[in-house]
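**Student:** based on what follows, work out the 3D shape:
(2 chains, ligands or ions: 4)
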Amino acid sequence: MLPEVKMRALNDLVQKSSKEELIWINGYLSALVMNGLSKEGSTVNIIPKKFTILYGTDTGNSKKLAIEFSALGKKESAKIKVAAMDTYKVDDLVNENNLCIIMSTHGDGDPPPSAKKFFDQLMAKEFSLSKLEFSILALGDSSYPYFCKAGEDVHHRLTALGGKAILPIQKCDVDYEADAVYWFKNYLKSFKTESTNDVEGAIKKVGSSKKIYTGTIKTNVNLNGRGSNKRTHHIEIKTTEPVIYESGDALGILPKNKKPVLEEIFEIVKIDPNLSIPYKGESHTLIRLLTNKLNINYLKESQVQKYSTLCDQKIPNVKMDLYDLVRIYPIKPLEFVEFISYLNDMTPRLYSVCSSPNARENEVHILVGKNAFRVDEDKRYGLCSDMLCDLDENGILEFYIHKNKSFRLPSEDTNIILIGPGTGMAPMRSFIEERDNTGATGKNWLFFGEQHFISDFFYQTEIQQYAATGLLNKVDLAWSRENSKKTYVQHKMLEHSQEFYDWIKNGAHIFVSGTRSPMSEDVEKAIVEIIYKHSGKSAPESEEYWNELKESGIYKADVY
Amino acid sequence: MSINTITMAINLSPAEKIKTKSDGLRGSLTESLTDHLTGALREDDQTLIKHHGMYQQDDRDLREERSQKKLEWLYSFMIRLRLPGGFLTAQQWIEMHHIAGEHSTGVIKITTRQTIQLHGILKSHLKPTLKAFAKERLDSIAACGDVNRNVTCAAHPLQSKLHEEVFKYADKISSLALPKTNAYYEIWLDREPLLKKEAEIDPLYQDRYLPRKFKIAIAIPPNNDVDVFTNDIGLIAIIENDQLKGFNIAIGGGLGTTHGNKETYPRLGTVIGFTDAEEKTLKVIYEIITTQRDFGNRSDRKNARLKYTIDKMGIENFKKEVENRCGFHLEKPKEYTFNDRSDYFGWQQNHEGKWYYTVFIENGRIADEKVSIKTALYEIAQTKKTNFRFTANQKLIIADILPADKNEVESILNKYGLIEHTEKAMPMRRNAIACVALNTCPLALAEGQRYLPTLIGKIEPLLEKYHLQNDPISIRMTGCPNGCGRPYVAEIGLIGTSYGHYNLHLGGDRLGLRLNQKSFDAVDESTILTILDKLLAAYASVKNKFDSFGDFIHEHQELLTSIN
Ligand code: SRM
Ligand SMILES: Cc1cc2nc3c(=O)[nH]c(=O)nc-3n(C[C@H](O)[C@H](O)[C@H](O)COP(=O)(O)OP(=O)(O)OC[C@H]3O[C@@H](n4cnc5c(N)ncnc54)[C@H](O)[C@@H]3O)c2cc1C
Ligand SMILES: Cc1cc2nc3c(=O)[nH]c(=O)nc-3n(C[C@H](O)[C@H](O)[C@H](O)COP(=O)(O)O)c2cc1C
Ligand code: SF4
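**Tutor:** Ligands and ions are numbered 1, 2, ... in the order given. Sure, this is the predicted structure:
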């Protein structure tokens, strides 16, 4: 009865779990089903209660939960208002009596971009929330150094402003669904008239069941032709077991720090790389620790200042690499070792999968743009993208699957518009392969853009094939450096605005991937303009209409 | 229509169908040009575009690399101008210089038919390029394809007071044999279609054009710089006491062959007669073309050139057919002599006192490489005090310089070292010809212009060893047997068989009056050098007895067998 992907996932989980864990899962699931699905759920005699669910999301998980929860709560005949942080006014917090917050953490321990305004104002504003009762469900990913940090920050801030947490903060890892629902049940129970003492606290984590795959590099080729300003590698990874993912997901990869750089650091500091150092209860050699576990690049200002006190020299209040620090500001071995404890864990990088699970067995592809930037005069490359581009064929790579539940193909007969300039092409290739493989009947319209036609047309020969076979009904290309006036995908959309509008009217879903700013913003502006141009609506109405469409879930963005 | 044209009609070659259903060479070119997923044209349009003077090519060096990158081959286009007699004004040169820089690889290539080719033009740049040329009254109509190609004409004005008069014929013939379709103007220059379609009716080409390419050259004795006998029609100007009397007419020249195809062979033109007045000459040319149109082989392109038509019909029958169509008979050929085929390098002055400087340009590639030829010529053009002429030997003449302006031009030539470059090159190198071949020519089996200079560099020491450095032995190389560098009429002909290997042809004369013979099969560089070392040694020892190395070999075939 389960679809293959889920079945595989289940089997996989079962195999990987200890006996105890299985028993726990068993009881846990049955509890879930009882409470969740049965009408009896409402026998938990609670007094109807009024509260607000406030969510902050980027990739849509928190929002999904918010909606799921309000449905659940309404079954318990509670009056529930659902609000999103991007539109919510911080001042309105004073009018809230009971607030259920669901929010994720992004970037490097930051709030989701859409919640940033709310977050910053909350942190800055001085006002009393003494009559506010709240509970926070924080979504996160334990493979990031700042696990659920944004949620924690909000939790602390609200407490500081006089708010009362009726439940301890619940941090959820990527496999959050079960924990989240369980937590919400307790949240509802907390409304019993009697004192909330019988309310269970948060679940202790069973440990993230995130699976780490080991793959070997089958192909690693720079897709950019000669004369291009870019380096963008198409990387094919083979695995010995099936990789469980769906089109729209991304690979999570932990970069390693470069050996030569580390060796130079040890050389300069005059310290033994094999010195063993305690880390999270185990002991590691310095070299292993710095290679695999800790981030030594672009250290936060606070860390740099810590270093400055340790080496007892004045250092400007900027971000810096450890390498540059030890080079310019000599430090003694002992202080260096101490400084190690202030380093953060390595942050995983995500790369959208660009292959379809149904098209290929035991294989997954990614498209990696070699990230280049300047530090003063010398050109440097991003840690992870550089590492990936340098991988030799048959080299080994560890990765996990970062699910992106709200970046999924719609029903097979729905038309889709794919907008993926630059590396944004990655998920689009996956979707196209998927639709080709499943023989989906919906129409497909692809927008791609880069600098030059001859050198930067990613997957050109494949796209030509798909266009020839009719799978791609329309393809529009935007080249920004072909002539004096720069053409981007949004210009191409506007060029075909009438048709674009018709597709939207007929229920097409729109996918966007690539850089968040300015690309994805310009694309949305263009869509609103198209609506305004052809719907006969006023500018504000068009804006309104677009927001409704987004609410309805036809717009799916995976931007960075 | 004769029997054989009917029987041939039974299995027409694919190209024939493409031409006839092309609606005046339009085909689906407009669609091809707007297909933005590819830099290439649709299959059939690739044939049609040749008639507009362009070839679709791709960078063969990059094929594998690009396939790996999931990129299509690096398609681009070569544009060949229609330049009867090979002449540009200073203003036109300046534009050419800019167009080459903006739209092509930047290299300006002088061809063996006195015109200019630009390479590496992307599909999206074709229209801008042709529009820019049009501004300077330049076009590429019929520079390629199954039509009459660029008409070549003796390049050196100083050859005769009458050069100007003869030169005009190149233009007249070119216009006479220009396709009538308006397609070029509509597709490339965005001009309106003609109001009256009838204006496009083409009595010469009809809707099927010729069975194959067609070439016409005009020579002014005593110089055969145009290699008049390698053309479908060769006109030899007959001049008696400073009067242009008319032309001897030679027909059936052509060099292209195919390895291993016995049915293909090089052939030198046969002189069939003489015509005096202009309209007679043009009439004969016209009817030779119509005869080839009607009798030429349209099922096998490898046997479609005029030379094969003539050999099938027999020269006399062919001549009769032409005379019938003309309604008059050809006169007996007149006497003429050729004593040279090379360019007059350096300074020359004509009868009016105008000055000419012929620059040595290796294989006709004008670029800023060892010597900054391109910049130098641009600077000279900017003086607006010269014209530019191209020779069929891929060289360039800075022309029509008034005595008063000579110093100015000379100082620019010196500034960029062009005079030294021209003077210090050995005669063999100066007269050498190599075709384009790799990396653009799709038919190339071996290197041409990219390699001959190196090879000559290794032959020069041999020449010095035998004190032959001033002997203008003609050496010509092509990357395949099509013969674009006319290697079949060289003293030393090198014809590519596979990468690094060439058939060595020997025994041709120095004037283009006798074909050479294939003497060694698919030999590599070291073998070529050993063979030449032996033969040059033998030649040097008896040099004074022979007019040329080619003649020497011709007389001593036994030497060739003794080697091996
Ligand atoms: C540019 C030039 C060689 C050069 O380095 O100067 C040239 C270049 C090419 N010739 Fe040629 N031919 C050139 C003079 C010749 C000559 C010499 C002449 O005409 O004086 C010949 C031998 C004479 C003759 O026509 O027999 C010649 C016989 C051919 C042939 C063989 C024709 C035949 O009858 O077999 C081909 C192949 C074909 O037509 O199928 C050919 C085809 C080609 C093409 C277009 C290859 C192709 O068909 O795709 C070459 C383009 C290469 C490139 O990348 O530029 N080219 N070609 C010459 C341009 C002349 C012009 O301005 O019109
Ligand atoms: C959902 C999602 C999907 C993604 N999909 C893809 C994809 O399909 N393809 C793809 O190529 N990328 C994708 N990315 C981006 C990718 O995850 C990485 O962010 C990107 O590769 C850069 O990582 P890096 O380790 O190479 O660079 P980093 O080392 O992390 O550096 C990143 C930036 O930090 C700054 N920086 C770092 N060190 C210094 C310094 N010493 N001084 C000054 N500035 C510095 C620079 O601006 C640099 O550009 C995706 C991201 C997300 C969130
Ligand atoms: C680019 C990116 C950065 C992230 N950074 C963190 C982080 O620093 N800490 C953390 O706990 N989770 C981090 N996560 C994990 C998300 O919080 C997790 O995927 C969550 O389910 C997303 O919820 P949402 O869809 O409501 O935004 C990150 C996710 C992404 C895509
Ligand atoms: S001779 Fe052959 S290789 Fe050389 S240009 Fe002509 S067709 Fe190309």
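
**Student:** please report the distance of the residue positioned nearest the centre of chain B from B:Trp93.
**Tutor:** By C-alpha atoms, centre = their mean, the mean C-alpha position of chain B lies nearest to B:Arg113, the distance being 2.7 Å. For B:Arg113, the distance to B:Trp93 equals 18 Å [C-beta to C-beta, to the nearest Å]. The C-beta positions use only the backbone N, C-alpha and C, and glycine is treated the same way.

**Student:** what is the burial count for B:Met426?
**Tutor:** For B:Met426, the count of nearby residues is 19 (other C-beta atoms under 10 Å in any protein chain shown).

**Student:** again with the one 4 residues further on
**Tutor:** Close neighbours of B:Arg430, defined as other C-beta under 10 Å, add up to 20.

**Student:** could you report the neighbour count for the residue in chain A that ligand 1 sits nearest to?
**Tutor:** At 18.2 Å from ligand 1, A:Ile454 is the closest residue in chain A, using C-beta to the nearest ligand atom. Residues near A:Ile454, counting by other C-beta under 10 Å, number 21.

**Student:** right, and it touches A:Gly225 too?
**Tutor:** Yes - if you go by C-beta atoms under 8 Å, A:Ile454 and A:Gly225 touch, sitting 6.1 Å apart.

**Student:** mutual contacts of the two, please.
**Tutor:** B:71, B:74 (C-beta atoms under 8 Å, 6 or more residues apart in numbering or on different chains).

**Student:** what score does residue 172 have for pLDDT?
**Tutor:** No chain in the question, so chain A it is. Here the pLDDT value assigned to A:Cys172 is 95.

**Student:** sorry, I should have been clearer: chain B.
**Tutor:** pLDDT, read off for B:Lys172, is 97.

**Student:** just to check, it is in contact with B:Lys283?
**Tutor:** No - contact between B:Lys172 and B:Lys283 fails when scored by C-beta under 8 Å: they sit 12.0 Å apart.

**Student:** so which of those two has more stuff around it?
**Tutor:** B:Lys283 (18 against 15).

**Student:** hang on, that one in a helix?
**Tutor:** Yes - the assignment for B:Lys283 is a helix, going by DSSP: H, G, I helix; E, B strand; the rest coil.

**Student:** next up, the contacts around it.
**Tutor:** Applying C-beta under 8 Å, 6+ apart, we find B:Lys283 in contact with B:326, B:328.

**Student:** whichever residue of the stretch 1-150 of chain A sits closest to ligand 4: how many residues sit nearby?
**Tutor:** Residue nearest to ligand 4 within the stretch 1-150 of chain A (C-beta to the nearest ligand atom): A:Val5, separated by 55.5 Å. By other C-beta under 10 Å, the residues close to A:Val5 number 14.

**Student:** quick one: it and B:Pro427, what's the gap?
**Tutor:** For A:Val5 relative to B:Pro427 (C-beta to C-beta), the value is 78 Å.

**Student:** kindly report the same for B:Ala367.
**Tutor:** Noted for B:Ala367: a distance of 23 Å to B:Pro427, by C-beta to C-beta.

**Student:** same deal with B:Ile433?
**Tutor:** In this view, B:Ile433 and B:Pro427 are 13 Å apart by C-beta to C-beta.

**Student:** mind listing what's buried in whichever helix or strand the residue of the stretch 1-150 of chain A closest to ligand 4 is part of?
**Tutor:** Assigned by DSSP states H and E, A:Val5 falls within helix A:4-16. Residues of helix A:4-16 classed as buried: A:8-9 (neighbour count, 16 or more other C-beta atoms under 10 Å in any protein chain shown).

**Student:** mind saving the C-alpha coords of that helix as PDB?
**Tutor:** Provided in PDB are the C-alpha atoms of helix A:4-16 (Å, rounded to 0.1, in the frame of the first residue of the first chain):
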ATOM      1  CA  GLU A   4       7.900   2.400  -3.300                       C
ATOM      2  CA  VAL A   5       9.900   5.400  -2.100                       C
ATOM      3  CA  LYS A   6       8.200   5.400   1.300                       C
ATOM      4  CA  MET A   7       8.400   1.600   1.600                       C
ATOM      5  CA  ARG A   8      12.100   1.800   1.000                       C
ATOM      6  CA  ALA A   9      12.400   4.500   3.600                       C
ATOM      7  CA  LEU A  10      10.500   2.400   6.100                       C
ATOM      8  CA  ASN A  11      12.500  -0.800   5.500                       C
ATOM      9  CA  ASP A  12      15.600   1.300   5.700                       C
ATOM     10  CA  LEU A  13      14.500   2.800   9.100                       C
ATOM     11  CA  VAL A  14      13.600  -0.600  10.500                       C
ATOM     12  CA  GLN A  15      16.900  -2.100   9.400                       C
ATOM     13  CA  LYS A  16      18.900   0.700  10.900                       C
END
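
**Student:** now that helix: how far from the chain's centre is it?
**Tutor:** Offset of helix A:4-16 from its chain centre (C-alpha atoms, centre = their mean, to the nearest Å): 23 Å.

**Student:** avg pLDDT for it?
**Tutor:** On average, the pLDDT along helix A:4-16 is 78.

**Student:** contacts for that helix next, please.
**Tutor:** Identification of contacts with helix A:4-16 by C-beta under 8 Å, 6+ apart yields A:2, A:22, A:25, A:209, A:211, A:242, A:244, A:246, A:357.

**Student:** the last one: what secondary structure?
**Tutor:** The three-state label given to A:Pro357 by three-state DSSP is coil.

**Student:** now for it: which residues touch it?
**Tutor:** By C-beta under 8 Å, 6+ apart, the contact list for A:Pro357 reads A:5, A:243-247, A:364, A:434.

**Student:** among those residues, which are in helices?
**Tutor:** The helices, defined by DSSP state H, take in A:5, A:434 from the contacts of A:Pro357.

**Student:** can you put the contacts of A:Pro357 in a markdown table and add distance to A:Glu301?
**Tutor:** Shown next, in a markdown table, are the contacts of A:Pro357 (distance: C-beta to C-beta, whole Å):
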| residue | distance to A:Glu301 |
| --- | --- |
| A:Val5 | 44 |
| A:Val243 | 39 |
| A:Ile244 | 40 |
| A:Tyr245 | 37 |
| A:Glu246 | 39 |
| A:Ser247 | 40 |
| A:Val364 | 37 |
| A:Glu434 | 44 |
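
**Student:** who wins on neighbours among the contacts of A:Pro357?
**Tutor:** Neighbour counts for these, by other C-beta under 10 Å, peak at A:Ser247, which reaches 27 neighbours.
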